[in-house]
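Chemist: Sequence plus predicted model, see below.
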Number of protein chains: 2
Amino acid sequence: MAAGLTGPIHVIGAGLLGTSIGLAASRQGVTVWLSDHNPEHVRTAVGLGAGVAVPPDGVPQLVVVAVPPVHIAEVAVAALETGAVVTDIGSVKAQPLAQISDHVGEDLLTRYVGSHPMAGNERSGPLAASASLFDGRPWAVTPHVHSDPGAVLLVEELIALCGAVGVRLSPVEHDLAVARTSHVPHLLAVLAAGQLNDAVPEHLSLSGQGVRDVTRVAGGDPELYSQIIRANAGVVGDLLRGVRDQLDELIAAVDDPTDGASGADLGEILTRGRAGTRIIPGKHGRAPLATGPLFVLVPDQPGELARLFADIGEIGVNVEDLRIDHDPGRPVGLVELQVEAAAAERLRQALEARNWTSHR
Amino acid sequence: MAAGLTGPIHVIGAGLLGTSIGLAASRQGVTVWLSDHNPEHVRTAVGLGAGVAVPPDGVPQLVVVAVPPVHIAEVAVAALETGAVVTDIGSVKAQPLAQISDHVGEDLLTRYVGSHPMAGNERSGPLAASASLFDGRPWAVTPHVHSDPGAVLLVEELIALCGAVGVRLSPVEHDLAVARTSHVPHLLAVLAAGQLNDAVPEHLSLSGQGVRDVTRVAGGDPELYSQIIRANAGVVGDLLRGVRDQLDELIAAVDDPTDGASGADLGEILTRGRAGTRIIPGKHGRAPLATGPLFVLVPDQPGELARLFADIGEIGVNVEDLRIDHDPGRPVGLVELQVEAAAAERLRQALEARNWTSHR
């Protein structure tokens, strides 16, 4: 296997992710071939500078399979038969490996290495693509027992070329990880959103930011998520059975007027949930920084946020995170800044001195 | 009952909400008396200008009970016995009404009208208070069958004084509404966060923005939420049993390799969830504005957000919402702006012309 990713790279599927990979690789001077069952997508991606259409004769060095989950195995098998190294970028890794193994021998299977970039699920299509979509993002690479080490390195070179950070996991480990961190939270958001359909419509006027946050991901495309979850059905089903046990405990705790005397303790369940929110890695993968909130009232019109951030910049405090609170009926925006805890009070006083209304 | 809220208002409980009410009423020139079992809270609240300490002799026109859920009924009963109109601002309304009814006759009960401002649950203490905390927020007011109409109007005057928007509901309707829009989503977030504790720690490096959003509210104080949910246990328990039925259906759908042939259809469940996200009222209570995302890469250092918002201000596009994406390992921040869909492309081009890297 040739050392070094020199191209050509054949990207099959010119949607958001495929086109973004094409843009990133082309930017680095690597030749990219693009194909898609939808010729309009190829025209758009080529127009954006993501590569050239209709693969010329010859075998690419690397094929990137960027098609919907249900078509991955079929497309990958055909690509392996050309002699190229093949990766796919689907959200689930064990099932496509098993399907591909059913159709090719070990000699071909050595050249298949699955991968999964953690980027861009809520948008779609080549127009949403960007060469910087993967900058600094985790990108799982999932070697299997027959993978050629050179093929693994080639896929890791693609990941580096796209500016992402490779995370090596076995296919099974990967699927367990995304089931916990993505699929199960997604499905619980779907249940939280689903039960709103049974509400008396006027009651929804009491909705605050909390329910908006909890349910946001449930707004994703049902067809895409159905494919993703079905492809990881074994792991997701097992974890959901665990969640059902927790839900049964929760119901028992809510029903129990003695609060814990019967064994189910609501406070313990809530405390365990809070612990879970605290083990999610922080910004830039470092340990979560101790940050504190600072709330600032901002008139809801152009230019006001600029004025606020100009003042914060002059004061010299870094904003770790922020959100605009937009509960119904609020005529002014409430901006919640997350800043290093030690700097929050200094920032509050400096903003008050500049006539901003703020509170912690 | 005297027409018009002229004061004094006695706020019992000088925490975040009580002190904020004191600040808002004092700002409007109404006399506010403050008390709290913690004298330090009263000193702080008085220092902020929320009112005067130690109620002088005499009966206030209106008592606002702003104490933790478990103490509401006891404090409200004592307040009713002074002859004042009494409201509480607890998160649940049927239970305190029942408890108060157990201790006072109908003649006193006429002067009790519960209420519930939709504001400020993630912070606490008088230092976090603000006269503008309730500006434009929904504030439920929950008359019961014995409420004096004059008492209801007086509480609605308090709500207007605080800049909030009154929403009349019966106590039972209110509790059902918050169970659906707040308590059940909160508990599902707790379950989503709770199961992360069982993850292999390295697997959490694949956490994206989705799981952060779904689980954020689960970071709230377990003791406070335990009191709130226990006070609404009947309604919450019933809704959770409905959620368990939905979860059983979901598990059956995930387990079913025929996708729907056995009756449980994953796509249908996901579609119902998406429908739920779309019926939550939008910003300022108006119909959800058609907004589109615009992603901008911003170096993670002081002054860069200021530069971005200065440019957006000059371009003249209003930002409806924004978030900073802080997935692990990302060396630059990705700021997601939500802007009116019709203005998104114009803003993107104008930002690119100013050398920002952005994509839609």
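Modeler: Yep, that arrived. Numbering: from 1, shown residues only, chains lettered A, B, ... in the order given.
Chemist: So which residues make contact with the longest helix belonging to chain A?
Modeler: Longest helix in chain A, counting residues (DSSP state H): helix A:233-255. If you take C-beta atoms under 8 Å, 6 or more residues apart in numbering or on different chains as the criterion, helix A:233-255 is touched by A:175-176, A:179-180, A:183-184, A:187-188, A:229, A:259-260, A:262-266, A:269, B:187, B:190-191, B:194-195, B:198, B:229-230, B:233, B:236-237, B:240-241, B:243-244, B:247-248, B:250-251, B:254-255, B:257. Quick note: C-beta positions are derived from backbone N, CA and C, even for glycine.
Chemist: Let's see that with 6 Å instead.
Modeler: Helix A:233-255 is contacted from outside by A:175-176, A:179, A:183-184, A:229, A:264, A:266, A:269, B:191, B:233, B:236-237, B:240, B:244, B:247, B:251, B:254-255, using C-beta atoms under 6 Å, 6 or more residues apart in numbering or on different chains.
Chemist: do the same with stretch A:338-355
Modeler: Against stretch A:338-355 from outside (C-beta under 6 Å, 6+ apart): A:290-294, A:311, A:315, A:317, A:319-321, A:358, A:360.
Chemist: Buried ones from these, can you make that a ChimeraX selection?
Modeler: Buried residues within those, by 16 or more other C-beta atoms under 10 Å in any protein chain shown, are selected in ChimeraX with:
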select /A:291,292,293,294,311,315,317,319,320,321,358,360
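Chemist: Which members of the contacts of stretch A:338-355 occur in helices, if any?
Modeler: A:D311, A:I315.
Chemist: could you redo the contacts of stretch A:338-355 as JSON lines and give each row distance to chain B and pLDDT?
Modeler: Shown next, in JSON lines, are the contacts of stretch A:338-355 (distance: C-beta to the nearest C-beta, whole Å; pLDDT from 0 to 100):
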{"residue": "A:A290", "distance to chain B": "14", "pLDDT": "66"}
{"residue": "A:T291", "distance to chain B": "11", "pLDDT": "70"}
{"residue": "A:G292", "distance to chain B": "10", "pLDDT": "73"}
{"residue": "A:P293", "distance to chain B": "7", "pLDDT": "73"}
{"residue": "A:L294", "distance to chain B": "10", "pLDDT": "80"}
{"residue": "A:D311", "distance to chain B": "8", "pLDDT": "85"}
{"residue": "A:I315", "distance to chain B": "8", "pLDDT": "85"}
{"residue": "A:V317", "distance to chain B": "7", "pLDDT": "81"}
{"residue": "A:V319", "distance to chain B": "6", "pLDDT": "78"}
{"residue": "A:E320", "distance to chain B": "7", "pLDDT": "72"}
{"residue": "A:D321", "distance to chain B": "5", "pLDDT": "71"}
{"residue": "A:S358", "distance to chain B": "8", "pLDDT": "76"}
{"residue": "A:R360", "distance to chain B": "6", "pLDDT": "67"}
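Chemist: Looking at the contacts of stretch A:338-355, which two lie furthest apart in space?
Modeler: Between all members of those, the longest pairwise span (C-beta to C-beta) is found for A:A290 and A:D311 and amounts to 23.5 Å.
Chemist: what pLDDT, on average, does the helix or strand where A:A192 lies get?
Modeler: Taking DSSP states H and E as the criterion, A:A192 maps to helix A:184-194. The average pLDDT within helix A:184-194 is 98.
Chemist: now that helix, how far from the centre of its chain.
Modeler: 16 Å (C-alpha atoms, centre = their mean, to the nearest Å).
Chemist: That one to helix A:233-255, inter-axis angle?
Modeler: Per axes from the mean of the first three to the mean of the last three C-alpha atoms, to 10 degrees, the angle that helix A:184-194 makes with helix A:233-255 is 50 degrees.
Chemist: returning to what we had before: moving along the chain from the longest helix of chain A, name the first helix or strand you hit.
Modeler: Note on helix A:233-255: by DSSP H and E, the next helix or strand toward the C-terminus is helix A:266-278.
Chemist: May I see the buried residues of that following helix?
Modeler: Judged by neighbour count (16+ other C-beta under 10 Å), helix A:266-278 contains these buried residues: A:L266, A:G267, A:I269, A:L270, A:T271, A:R272, A:G273, A:R274, A:A275, A:G276, A:T277.
Chemist: With stretch A:31-51 instead?
Modeler: Across stretch A:31-51, burial judged by 16+ other C-beta under 10 Å covers A:31-36, A:41-42, A:44-46, A:48, A:50-51.
Chemist: and if you look at stretch A:58-74?
Modeler: For stretch A:58-74, by 16+ other C-beta under 10 Å, it's A:P60, A:Q61, A:L62, A:V63, A:V64, A:V65, A:A66, A:V67, A:P69, A:H71, A:I72, A:A73.
Chemist: The first one against A:H10, yeah?
Modeler: So that's A:P60. Yes: with contacts defined as C-beta atoms under 6 Å, A:P60 counts as touching A:H10 at a distance of 3.9 Å.
Chemist: okay, A:K283: pLDDT?
Modeler: On the pLDDT scale, A:K283 is placed at 46.
Chemist: Output those of the buried residues of stretch A:31-51 also counted as contacts of chain B.
Modeler: With the criterion set as C-beta under 6 Å from any C-beta of the partner chain, no member of the buried residues of stretch A:31-51 is near chain B.
Chemist: Any chance of TSV for these, columns pLDDT and distance to A:M118?
Modeler: TSV is the format used below for these (pLDDT from 0 to 100; distance: C-beta to C-beta, whole Å):
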residue	pLDDT	distance to A:M118
A:T31	95	27
A:V32	96	22
A:W33	96	25
A:L34	96	23
A:S35	95	25
A:D36	95	23
A:H41	93	23
A:V42	94	26
A:T44	91	24
A:A45	93	22
A:V46	93	27
A:L48	90	23
A:A50	94	21
A:G51	95	23
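Chemist: returning to what we had before: compute the inter-axis angle for the longest helix of chain A and helix B:266-278.
Modeler: Interaxial angle of helix A:233-255 relative to helix B:266-278 (the same axes, to 10 degrees): 50 degrees.
Chemist: Let me see the mean pLDDT of helix A:233-255.
Modeler: On average, the pLDDT along helix A:233-255 is 96.
Chemist: Now it - C-alpha only, PDB.
Modeler: Listed next in PDB are the C-alpha coordinates belonging to helix A:233-255 (Å, rounded to 0.1, in the frame of the first residue of the first chain):
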ATOM      1  CA  ALA A 233     -30.800  -1.600  16.900                       C
ATOM      2  CA  GLY A 234     -29.200  -4.200  19.000                       C
ATOM      3  CA  VAL A 235     -27.200  -1.800  21.200                       C
ATOM      4  CA  VAL A 236     -29.900   0.800  21.300                       C
ATOM      5  CA  GLY A 237     -32.500  -1.700  22.200                       C
ATOM      6  CA  ASP A 238     -30.400  -3.000  25.100                       C
ATOM      7  CA  LEU A 239     -29.700   0.500  26.400                       C
ATOM      8  CA  LEU A 240     -33.400   1.500  26.100                       C
ATOM      9  CA  ARG A 241     -34.300  -1.500  28.200                       C
ATOM     10  CA  GLY A 242     -32.000  -0.100  30.900                       C
ATOM     11  CA  VAL A 243     -33.700   3.300  30.500                       C
ATOM     12  CA  ARG A 244     -37.100   1.600  31.000                       C
ATOM     13  CA  ASP A 245     -35.800   0.100  34.300                       C
ATOM     14  CA  GLN A 246     -34.700   3.500  35.400                       C
ATOM     15  CA  LEU A 247     -38.100   4.900  34.300                       C
ATOM     16  CA  ASP A 248     -39.900   2.300  36.400                       C
ATOM     17  CA  GLU A 249     -37.800   3.300  39.400                       C
ATOM     18  CA  LEU A 250     -38.500   6.900  38.700                       C
ATOM     19  CA  ILE A 251     -42.300   6.200  38.500                       C
ATOM     20  CA  ALA A 252     -42.100   4.300  41.800                       C
ATOM     21  CA  ALA A 253     -40.200   7.200  43.400                       C
ATOM     22  CA  VAL A 254     -42.800   9.800  42.100                       C
ATOM     23  CA  ASP A 255     -45.600   7.600  43.300                       C
END
